[in-house]
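>>> have a look; sequence and predicted model below, questions after that.
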Amino acid sequence: MYNPVLDTFICVADCGSFTKASERLYISPTAVMKQINSLENHLKLKLLERKSSGVQLTSAGKMIYRDAKFMINYSKKSIAEAFNSVHAKDTTFCVGTSLLNPAKPFMDLWYRVNQSFPDYKLHLVPFEDNHEGILSEIKKLGEKFDFLIGVCDSKSWLALCGFLQLGTYKKMIAVSREHHLASKSIVNLEDLYGETLMMVCRGDSGVNDFIRNDLEKNHPQINIEDTPQFYDLSVFNRCAETGNVLLTIECWREVHPGLVSVPVKWDYCIPYGVLYSNDAPDDVLRFVNAAENIMHKT
């Protein structure tokens, strides 16, 4: 319900610079400035003083900054409460879905176990893949939705929820359509020598840390650039804009139309599955148990 440009405004104010904010948001400084200009035009207020040393809040900007976080949190809470009130009496499983965490694998699983839940319906709840806000979405398991499904090797995610592994996805690379590796059917690690490989920063994912350690030790000719701890569309945009190589997975082939995903001669993969609340109600736990039994039979 709130203008999402407020998130950019808060970041600029906190950083004191369009350039620093662009690095944190993983978009270009020009895009940041355009968003701020749009917000100022919309409000008919000057919010920031542009100076050679950076930016400072105007008196009006200080007022908007003071209340912006409250408005954002209140808006999200209001939407969640309204949704819950509508579906409180339904025998419904609410499943989160996003560009990077689509619900299709859950739907495939649902049709294998739904005979045990004859009175239940599914309701898909969209959410944004925002690298700064994804943990707040994970915390809403049990409130905003009953299940999420996606790649999960994150210590931060697993500290907040239960996880039932359904399988693994192969690690691949993504490059722009103009990149010289885009035409290859498969890539050797030596093909990546001299390239800059974008991947999540160290410390949260055991799989990604293992890959990084292996590359740094055995293939130091590959330059590694940290991305945010969690991917969102801005990471794919940066790959397309810079010509770098992005570490990705097979299920994200169609995320960005300007990128091509190419398999690599390695055995790296990462688990994916169903995420649910640590305080899940009985029906959610029954579903998890039913799904786990199905997985054991296959």
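Nice, I can see it. Numbers count the residues shown, from 1 in each chain.

>>> going forward, measure contacts between C-alpha atoms and count neighbours the same way
OK.

>>> quick check: most distant residue from the centroid of this structure.
Ser59 (34.6 Å; Cα atoms, centre = their mean).

>>> so where's the protein uncertain?
Along the chain, the model assigns pLDDT under 70 to residues 1-2, 83-90, 298.

>>> which helix of it spans the most residues?
For the chain, the longest helix by residue count, based on DSSP state H, is helix 59-87.

>>> how about that helix: buried residues?
Of all the residues in helix 59-87, those buried under the rule 16 or more other Cα atoms under 10 Å are Gly61, Ile64, Tyr65, Ala68, Met71, Ile72.

>>> nearest residue to the second one other than its sequence neighbours?
Yep, that's Ile64 we're talking about. Distances taken as Cα to Cα, 6 or more residues apart in numbering put Leu47 closest to Ile64, at 8.0 Å, once the chain neighbours are dropped.

>>> enumerate every residue touching Gly206.
Asp153, Ser154 (Cα atoms under 8 Å, 6 or more residues apart in numbering).

>>> mind redoing it with 10 Å?
Asp153, Ser154, Lys155, Arg212, Ile270 (Cα atoms under 10 Å, 6 or more residues apart in numbering).

>>> residue contacts, the first one?
Asp153 is in contact with Phe163, Asp204, Ser205, Gly206, Val207, Asn208, Ile270, Pro271, Tyr272, counting by Cα under 10 Å, 6+ apart.

>>> would you mind identifying the next helix or strand past the longest helix of the chain?
strand 92-97 (DSSP states H and E).

>>> what's that next one packed up against?
helix 104-113, strand 121-126, strand 147-151, strand 269-277, helix 282-297 (3 or more Cα pairs under 10 Å, 6 or more residues apart in numbering; DSSP states H and E).

>>> got CSV for the ones you listed, with mean neighbour count and distance to Ser53 too?
Below are the helices and strands packed on strand 92-97 laid out as CSV (neighbours: other Cα atoms under 10 Å; distance: least, Cα to Cα, whole Å):
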stretch, mean neighbour count, distance to Ser53
helix 104-113, 14, 48
strand 121-126, 14, 40
strand 147-151, 25, 41
strand 269-277, 21, 44
helix 282-297, 14, 54
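
>>> these: which one's closest to Ser176?
strand 269-277 (22.1 Å; Cα to Cα).

>>> point out the other helices and strands that the closest one packs with.
Right, strand 269-277 is packed against strand 92-97, helix 104-113, helix 134-138, strand 147-151, helix 155-158, strand 161-176, helix 206-218, helix 282-297 by 3+ Cα pairs under 10 Å, 6+ apart.

>>> and it, which strands flank it?
Strands flanking strand 269-277 in the sheet, each with its direction: strand 147-151 (antiparallel), strand 161-176 (antiparallel) (DSSP bridges).

>>> and the angle from the last one to helix 104-113?
Angle, strand 161-176 to helix 104-113, by axes from the mean of the first three to the mean of the last three Cα atoms, to 10 degrees: 130 degrees.

>>> how far away from the center of its chain is whichever helix or strand comes after strand 161-176?
Beyond strand 161-176 on the C-terminal side, the first helix or strand identified by DSSP H and E is strand 196-200. Relative to the mean C-alpha coordinate of its chain, strand 196-200 is positioned 16 Å out (Cα atoms, centre = their mean, to the nearest Å).

>>> elements contacting strand 196-200?
Short answer (3+ Cα pairs under 10 Å, 6+ apart): strand 196-200 packs on strand 161-176, helix 206-218, strand 223-227, helix 233-242, strand 245-249.

>>> what angle separates that strand from helix 206-218?
150 degrees.

>>> can you list the strands that strand 196-200 pairs with?
Assessed with DSSP bridges, strand 196-200 is paired to strand 223-227 (parallel), strand 245-249 (parallel).

>>> who's in contact with that strand?
173-175, 208-209, 211-212, 221-231, 235-236, 238-239, 242-248.

>>> ok, of the buried residues of helix 59-87, which one's closest to Ile138?
Nearest member of these to Ile138, counting by Cα to Cα, is Ile72, at 17.4 Å.

>>> I'd say the closest one and Tyr65 touch.
No. Counting by Cα atoms under 10 Å, Ile72 stays clear of Tyr65, with 11.2 Å between them.

>>> shared neighbours of the two, which are they?
Leu6.

>>> circling back: among the contacts of Gly206, which pair sits farthest apart?
Most distant of the contacts of Gly206, by Cα to Cα, are Lys155 and Arg212, 16.6 Å apart.
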